[in-house]
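Peer 1: 3D, please:
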Amino acid sequence: MSGPPRMPLTRPQAAALEAAADGATLTVVALRIGRPRPWVAARLSEAYKRLDVAWMDRHERRAAAVRVARKRGLIPPAAATTSPRKPQGPTSRPN
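Peer 2: Reported below is the predicted structural model:
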């Protein structure tokens, strides 16, 4: 999985992989990018081949493809997530 890229991803392949990076189902990814589910499945399959992870078990393939693509700068890094802050109510102090 390391080393120079075999081939860069096409824009559609990168868009599908980026939208699927959080582990969403194909149906959810399709809704996110406004494409039919079979189109998303085909673009992800092509991306897996280009990133040389198509041979992996299907449960590991997507995560490996995302790691490789991010490492090579083919898709943006994961957005930094922050834990939601609890709203602070008024504090009462004894007089």
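
Peer 1: pLDDT below threshold where in this protein?
Peer 2: Residue ranges of the chain with pLDDT under 70: 1-7, 80-95.

Peer 1: repeat that for 50
Peer 2: Along the chain, segments meeting pLDDT under 50 span 1, 5, 81-83.

Peer 1: buried set for stretch 41-48?
Peer 2: In terms of neighbour count (16 or more other Cβ atoms under 10 Å), stretch 41-48 has its buried residues at 43-44, 46-48. (Glycine included, C-beta is placed from N, CA and C.)

Peer 1: same check, this time on stretch 22-34
Peer 2: Result for stretch 22-34 [16+ other Cβ under 10 Å]: buried residues 26, 29-30, 32.

Peer 1: Run through who's touching it.
Peer 2: The set of residues external to stretch 22-34 that reach it, using Cβ atoms under 8 Å, 6 or more residues apart in numbering, is 15-16, 19-20, 36-37, 39-41, 44, 62-63.

Peer 1: got the phi/psi numbers for the residue nearest to the spatial centre of the chain?
Peer 2: Geometric centre of the chain, nearest residue: residue 21, 1.4 Å, by Cα atoms, centre = their mean. Main-chain dihedrals, residue 21, degrees, to the nearest 10: phi -60, psi -30.

Peer 1: try residue 70
Peer 2: Backbone torsions of residue 70, given as degrees, to the nearest 10, read phi -70, psi -40.

Peer 1: Can you give me every residue that contacts residue 39?
Peer 2: So residue 39 contacts residue 30 (Cβ under 8 Å, 6+ apart).

Peer 1: SS state for the residue nearest to the residue nearest to the centre of the chain when sequence neighbours are not counted?
Peer 2: Sequence neighbours aside, residue 66 is the residue nearest to residue 21 in space, at 4.6 Å (criterion: Cβ to Cβ, 6 or more residues apart in numbering). Following DSSP: H, G, I helix; E, B strand; the rest coil, residue 66 is assigned to helix.
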